[in-house]
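Participant: Need a 3D model of the sequence below.
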Amino acid sequence: MELLYHKAGTKLHNCFFIQASAKKINGELHFLYEDIYMLKKLDLDKFISTIEIGDIYVDFDARTGHNHGTKFRIKKNAFIKLYDIFANY
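Facilitator: Reported below is the predicted structural model:
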């Protein structure tokens, strides 16, 4: 688990998470930014518990007859729960 946590931490150590809704107006895509979070300090215990409850899961991405690799997916509503520090802007 620690190896997986450290691998995720190289990509997710500190980041921003933005929640937005999208719609097309006259064929052009527009976004309404609803919440912006600054996330810091990915937490190992929170990471493991998020896997245990199923909010992080494995995606064997083999669509369209071609293997696109194996990925870990995080449910949107669980993303901010992985961090010790977060600020909402």
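Participant: contacts, neighbours, all on C-alpha from now
Facilitator: Fine.
Participant: Quick one: end-to-end distance for stretch 43-63.
Facilitator: End-to-end span of stretch 43-63 (C-alpha to C-alpha, to the nearest Å): 32 Å.
Participant: so what does the helix or strand hosting Met38 touch, helix or strand wise?
Facilitator: Using DSSP states H and E, Met38 sits within strand 28-42. On a contact count with 3 or more C-alpha pairs under 8 Å, 6 or more residues apart in numbering; DSSP states H and E, strand 28-42 meets strand 15-25, strand 83-88.
Participant: Which helix runs longest in the protein?
Facilitator: Longest among the helix segments of the chain by residue count, using DSSP state H, is helix 2-12.
Participant: mind listing what Glu2 touches?
Facilitator: Leu44 (C-alpha atoms under 8 Å, 6 or more residues apart in numbering).
Participant: returning to that earlier point: and the helices and strands packed on strand 28-42: which comes nearest Lys75?
Facilitator: Of all the helices and strands packed on strand 28-42, strand 15-25 sits nearest to Lys75, with 12.3 Å by C-alpha to C-alpha.
Participant: Show me what counts as buried in that closest one.
Facilitator: Using 16 or more other C-alpha atoms under 10 Å as the test for burial, strand 15-25 gives no buried residues.
Participant: can you state the direction angle for that strand and strand 83-88?
Facilitator: On the basis of axes from the mean of the first three to the mean of the last three C-alpha atoms, to 10 degrees, strand 15-25 is oriented at 40 degrees to strand 83-88.
Participant: Quick one: mean pLDDT over strand 15-25.
Facilitator: Averaged across strand 15-25, pLDDT comes to 93.
Participant: which outside residues touch that strand?
Facilitator: 29-40, 80.
Participant: Can you check what angle separates the worst-scoring helix or strand of the chain on mean pLDDT from strand 28-42?
Facilitator: For the chain, counting by mean pLDDT, DSSP states H and E, helix 2-12 ranks last in confidence among helices and strands (a mean of 81). Interaxial angle, helix 2-12 versus strand 28-42 (the same axes, to 10 degrees): 130 degrees.
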